[in-house]
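Undergrad: coords below, sequence missing:
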C-alpha cells in the first residue's frame, strides 16, 4: 500500500497510534503531541525524507526542499515551536512534499493542489483528540482556505501563540502604539507607523527605509526593556 493511500485512511491512522512507538516517534514526541508522533515518523520513513529539527528562524517556522541531483526530500522545522504549532508546520511541509510528488514544479507552491493535500493530511489529526478545543476550532476555520503559512492567518496564529512559553518584552506589532520604537530578532531598530490595509508601515531607523509588517509580527519595544539586557543579546 502506498504512503498516500495510507494517509488518506483515517481508520488506519488511528490503528497506527495503538502500536508501540518507534525510536523516531519517541524522539518526535518531545516536540509534538504524542499521538501524532507515530504518524509523522511513518511519513518520514515511507518518503525517505531528511527531516531536521532546526534552530529558531525569524523568517520561517519550517521549510521544504525538493529532491536535488538524486538527493532526498528535505524538511526542517524550528525546534522552539509549541507542540501544536510544530505539528501544523510539519503537516504544512509534508503537503508540499506530496504536491511535488504529484506535480513536480508545475503548480504554484500554495495553489489549489497544495491546499487540497494540506486538508487531506491534516484531517485525520482532528479526530485524535490531541488539540485543545480553541486550537481545534481555529484549525477547522483555517482549513476553509489554507494560507501560505499558519502565521498569515491571524486567528490561528493568535490561538497557537497562547501555548508558547512567554518571553518577557516580546509583543506583536498591533499591540504597541504608533510611534513606538522596537527591535526585531537580529537587532534591527524600527519605529511603528500607520496601518496600510492589513499591514503596518515601519521605518528602519538606521536606513530610513520603510517596511511593511504583519500585525502579528513579534517585536521587542524599547520602553518595556529599559536598561536590561534582553534575549536578543542587546543592552538598551
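TA: Cool, got the structure. Keep in mind it's a predicted model, so treat the numbers as computed, not measured.

Undergrad: Only C-alpha atoms from now on, for both contacts and neighbour counts.
TA: Will do.

Undergrad: Could I get the average pLDDT for the longest helix along the chain?
TA: Across the chain, the helix with the greatest residue count (assigned by DSSP state H) is helix 83-103. Helix 83-103 carries an average pLDDT of 96.

Undergrad: can you check stretch 191-205 too?
TA: pLDDT averaged over stretch 191-205 gives 93.

Undergrad: starting at the chain centroid, how far to it?
TA: Centre-to-centre, stretch 191-205 and its host chain are 24 Å apart (CA atoms, centre = their mean, to the nearest Å).

Undergrad: Equivalent analysis for stretch 64-78, please.
TA: The chain centroid and the centroid of stretch 64-78 are separated by 17 Å, computed with CA atoms, centre = their mean.

Undergrad: Repeat that for stretch 192-212.
TA: Counting by CA atoms, centre = their mean, stretch 192-212 is centred 24 Å from the centre of its parent chain.

Undergrad: Endpoint to endpoint, it covers what distance?
TA: Taking CA to CA, to the nearest Å as the measure, stretch 192-212 stretches 10 Å from start to finish.

Undergrad: now the next helix or strand after the longest helix of the chain and helix 83-103, what's the angle there?
TA: Using DSSP states H and E, the next helix or strand after helix 83-103 towards the C-terminus is helix 112-122. Here helix 112-122 points in a direction 130 degrees away from that of helix 83-103 (axes from the mean of the first three to the mean of the last three CA atoms, to 10 degrees).

Undergrad: name the helices or strands packed onto the next helix or strand after helix 112-122?
TA: Tracing the chain past helix 112-122, the next element assigned as helix or strand by DSSP H and E is helix 133-142. Packing contacts for helix 133-142, counted by 3 or more CA pairs under 8 Å, 6 or more residues apart in numbering; DSSP states H and E, involve helix 154-161.

Undergrad: Recalculate using a threshold of 10 Å.
TA: Contacts defined by 3 or more CA pairs under 10 Å, 6 or more residues apart in numbering; DSSP states H and E place helix 133-142 against helix 83-103, helix 112-122, helix 154-161.
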